[in-house]
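>>> 3D, please:
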Amino acid sequence: MKIAISTGGGDAPGLNAVIRGAVLAAVHRGWECVGIRKGYDGLLGQEQLVPLGPAEVRGITHLGGTILGTTNRGDPFHWRERLPDGTWVEHDRSEELVRAFRAHGIGALIAIGGDGSLRIARHLLDKGVALVGVPKTIDNDVGGTEATFGFDTAVQTATEAIDKLHSTAESHERVMVVEVMGRHAGFIALSAGLAGSADVILIPEIPYEMDRVCNKIRQREAEGRHFSMVVVAEGAVARGGEEVYLDAERRRLGGVGDRVARVIEQKTGKETRTLVLGHLQRGGSPTTFDRLLGLRFGAAAVRLIAEGKFGHMVALDPPTIVSVPLDEALAAPKRVPLDSDSIATARDLGISLGD
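Numbers count the residues shown, from 1 in each chain. Presented below is the predicted three-dimensional model:
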């Protein structure tokens, strides 16, 4: 058996642990492993397949990023190419990709990715590519699994930032607004906000009202607490409003933190500052939890191949690693349940969710 591994979409701490777990589990079975560089780019004209064995994955578990590289613009079904005149055209190169898999003698693919990358994998399955999926996203928004690797590290990074901002916010009696990642799901904002003792947490699942946010800050002021911490997911939306974009054409989210901060300063008179954590949350060494989960996911993916369970995705159903059909995992987007214990805890602690 010759298997290939691809890492597509945004990077996440723990990717290298998945690669190492999969490679060592495959080698243990006498299989050959190759890595596809930059998503599927390595099979679409660039021919960047790299051999993966024990030597290539030695000492990478603790490293952030991915040794294979990645891209979030490598959809073979909607391949974008820039023409000399600056315009863009789109091609379907999926058949070319399938031919490349066969030409290289690849018997199975381990597709590591988030919701978008796994949907691409699902379409490749329809074209005859034998594959299994591994869920990867710091947003924790892939269905079918309790957690995705990278999420724990991102929350740890965000929590540490909130902790550090508390002292300067209190010293200057300011409001600090921290914008964290989370396009459609507020898991990072909610988890880090709770752990970091935020006063306001705004997530995409709950449209916020600025009057409610400002009332919380005024309440703290009246109680002698002259500073406040506000955590905002990048995809948070005001009631009746729309998502905020840095680049609307590319649908690149960003700027909601600044918008919230400006209104707070206008309505309360409190000096307000903004910090956007951005890609800091993707970087750095993975936590112990994400290293272990990555290794377990990688080894489990190889076991699925050995069992012939193609079209499935590895998933965490604590305390066990299980498999779920890709169709089931992709059927509905994973969002913060409004009746979850975390939401109830935030309300019980007096944290404003903007509603």
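
>>> Quick check: which ranges of the stretch 151-300 of the chain have low pLDDT?
248-250 (pLDDT under 70).

>>> Which residue ranges of it form helices?
151-172, 187-195, 210-222, 256-268, 288-307 (DSSP state H, counting those that start in this stretch).

>>> got these as CSV, with mean neighbour count and distance to Arg102 columns?
Any C-beta I mention is one placed from the backbone N, CA and C, and that applies to glycine too. Formatted as CSV, the helices of the stretch 151-300 of the chain follow (neighbours: other C-beta atoms under 10 Å; distance: least, C-beta to C-beta, whole Å):
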stretch, mean neighbour count, distance to Arg102
helix 151-172, 19, 35
helix 187-195, 25, 39
helix 210-222, 17, 56
helix 256-268, 19, 46
helix 288-307, 22, 17
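
>>> Mind checking those helices for the one nearest to Phe77?
Ranking the helices of the stretch 151-300 of the chain by proximity to Phe77 (C-beta to C-beta) places helix 288-307 first, at 22.8 Å.

>>> Mind listing residues that contact that closest one?
1, 3, 13-26, 29, 31, 61-62, 108, 110, 130, 132-135, 147, 149-153, 286, 310, 312, 314, 316, 321, 323 (C-beta atoms under 8 Å, 6 or more residues apart in numbering).

>>> tally of neighbours for Lys309?
By other C-beta atoms under 10 Å, the residues close to Lys309 number 15.

>>> Name the SS class of it, please.
Following DSSP: H, G, I helix; E, B strand; the rest coil, Lys309 is assigned to coil.

>>> Might one say that it is in contact with Val322?
No: if you go by C-beta atoms under 8 Å, Lys309 and Val322 don't touch, sitting 10.9 Å apart.

>>> Start and end of stretch 4-23, how far apart?
Taking C-alpha to C-alpha, to the nearest Å as the measure, stretch 4-23 stretches 10 Å from start to finish.

>>> quick one: that stretch to chain centroid distance?
On the basis of C-alpha atoms, centre = their mean, to the nearest Å, stretch 4-23 sits 13 Å off its chain's mean C-alpha point.

>>> Let me see the contact set for the closest residue to Ala161 other than its chain neighbours.
Distances taken as C-beta to C-beta, 6 or more residues apart in numbering place Leu277 nearest to Ala161, at 5.8 Å, with adjacent residues excluded. Residues counted as contacts of Leu277 (C-beta under 8 Å, 6+ apart) are 157-158, 161, 178-181.

>>> List just the nearest of those residues to Ser228.
For the contacts of Leu277, the nearest to Ser228 is Val178 (11.3 Å; C-beta to C-beta).

>>> How many residues are close by the closest one?
23.

>>> same thing with Gly53?
Counted with other C-beta under 10 Å, residues neighbouring Gly53 total 14.

>>> How many residues are close by the residue nearest to it when sequence neighbours are not counted?
In space, and not counting its chain neighbours, Gly53 is closest to Val27: 6.2 Å by C-beta to C-beta, 6+ apart. Val27: 16 surrounding residues under other C-beta under 10 Å.

>>> follow-up on the earlier one: which of the contacts of helix 288-307 count as buried?
Applying 16 or more other C-beta atoms under 10 Å to the contacts of helix 288-307, the neighbour count classes 3, 13-26, 31, 61, 108, 110, 130, 132-135, 147, 149-153, 286, 310, 312, 314, 316, 321, 323 as buried.

>>> Looking at the residues you listed, which are in helices?
Judged by DSSP state H, helices contain the following of those: 15-26, 151-153.

>>> Relative to Asp152, how far out is Gln48?
Taking C-beta to C-beta, to the nearest Å as the measure, Gln48 and Asp152 are separated by 31 Å.

>>> Tell me where the model's unsure across the stretch 1-150 of the chain.
Counting by pLDDT under 70, the stretch 1-150 of the chain has low-confidence residues at 46-47.

>>> which SS state does Arg73 fall under?
Quick answer, by three-state DSSP: Arg73 is coil.

>>> got the domain boundaries for the chain?
Following automatic domain parsing, one finds the domains of the chain at 2-149+286-318, 152-282+338-348.
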